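[1] the following block contains a protein sequence and its predicted model.
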Amino acid sequence: MTSRPSVRRKIAVATWRAPREGRLHARMALDATAVLDYCARRREESGVMVTPGVVVGMAFHRGVLTVPEFHNRVVFGRIRPFTSYDVAFAVDIDDGEDLAPTKVRAVDTKTVVQVARELEKGAARLRARTDSDYETTSGIAGVVPWWALRPMLSAASLLNGGIGVRAFGQPAHPLGSMFVTNIGSFGLDEGYVAPVPLARVPLYVCVGAVSPAPMAVDGQVVVRPQVVMTATADHRLVDGAHAAKLARFVRSALADPEMLDVVASL
């Protein structure tokens, strides 16, 4: 007997159509040694589960501060900036059968540990089914047929993602201005995120599993832990030059993750 589809899959059926907007895709594979060392130190110091996915997400966020073109959305054919630096992280809430986002607000004012702590709390609410926004949306999606969901989600795209107001149980900009998913937790090395049209998110980041890989260090081939990251961006807002600038920042930040905790100067 076929099980009922999850709420996320039902919404996906009603959301995605043939792609129309241009998308820019990029990939980087980096030595994760410094990231793993940083995560271990922060976990020991704080007791908070700081993961490579959070650190990579923070590196991209800090990079967006230097490339503000990634912090916009398109509304009624015009480019509009987001008013807050909020980042959403994908959370596995049912052993891979269902995913949900938890949004951390004002990430530009927080350290990596503070963001990881908020992410832990948000994930706990989702798994305990006490997140009111998610439960409201799930309730609506659970009873409305997919063909009726489609016009509702089109309206949500304008209200939630575009204008930025609460509607259909979701807050304004439910996925923030950047979305991060860690497929490494499922053992996958790399992948690309399918943008969610209704959210109007300009930048999606996908973090793969950390695994041993040969790489060149000081002219020698050595085996180091490697993490593969991919990004999907709205090509209406950014082009290759913007992506290259962001990539340079991310590369530098992940080689020295301590710089991600410098908040006051941002």
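    Sure thing, it's come through. All values derive from a computational prediction rather than experimental measurement.

[2] and V221, that one's in a strand?
    Yes: the assignment for V221 by DSSP: H, G, I helix; E, B strand; the rest coil puts it in a strand.

[3] report the contact partners of it.
    V221 is in contact with P214, M215, counting by CB atoms under 8 Å, 6 or more residues apart in numbering. From N, CA and C alone the C-beta is placed, and that goes for glycine too.

[4] ok, now the one 4 residues further on?
    Neighbouring residues of P225 by CB under 8 Å, 6+ apart: D31, A32, T33, L36, V210, S211, P212, A213.

[5] on the three-state scheme, it is what?
    Under three-state DSSP, P225 comes out as strand.

[6] top of the contacts of P225 by neighbour count?
    Using other CB atoms under 10 Å as the neighbour criterion, A32 leads those with 23 neighbours.

[7] doesn't V210 make contact with that one?
    Yes: if you go by CB atoms under 8 Å, A32 and V210 touch, sitting 4.9 Å apart.

[8] what do these two both touch?
    P52, P225, Q226, V227.

[9] G191: which of these is nearest?
    Set against G191, the nearest of the shared contacts of A32 and V210 by CB to CB is V227 (12.9 Å).

[10] circling back to that earlier point, out of the contacts of P225, who's nearest L175?
    Nearest to L175, judged by CB to CB, of these is V210 at 24.8 Å.

[11] which ones are touching that closest one?
    A32, V35, L36, P52, G184, P225, Q226, V227.

[12] which non-adjacent residue is nearest the residue most central in space within the chain?
    Nearest to the geometric centre of the chain sits V180, at 1.6 Å (CA atoms, centre = their mean). Setting aside the residues directly before and after it, V180 is nearest to G57 in space (CB to CB, 6 or more residues apart in numbering), at 3.8 Å.

[13] that older thread, from the contacts of P225, which ones fall inside strands?
    Mapping those onto strands (DSSP state E) picks out D31, S211, P212, A213.

[14] beta partners of the third one?
    Meaning P212. P225 (DSSP bridges).

[15] least confident pick among the contacts of V210?
    Among these, G184 carries the lowest pLDDT, at 93.

[16] okay, buried residues for stretch 75-92 please.
    With burial defined by 16 or more other CB atoms under 10 Å, the residues of stretch 75-92 counted as buried are F82, Y85, D86, V87, A88, F89, A90, V91, D92.
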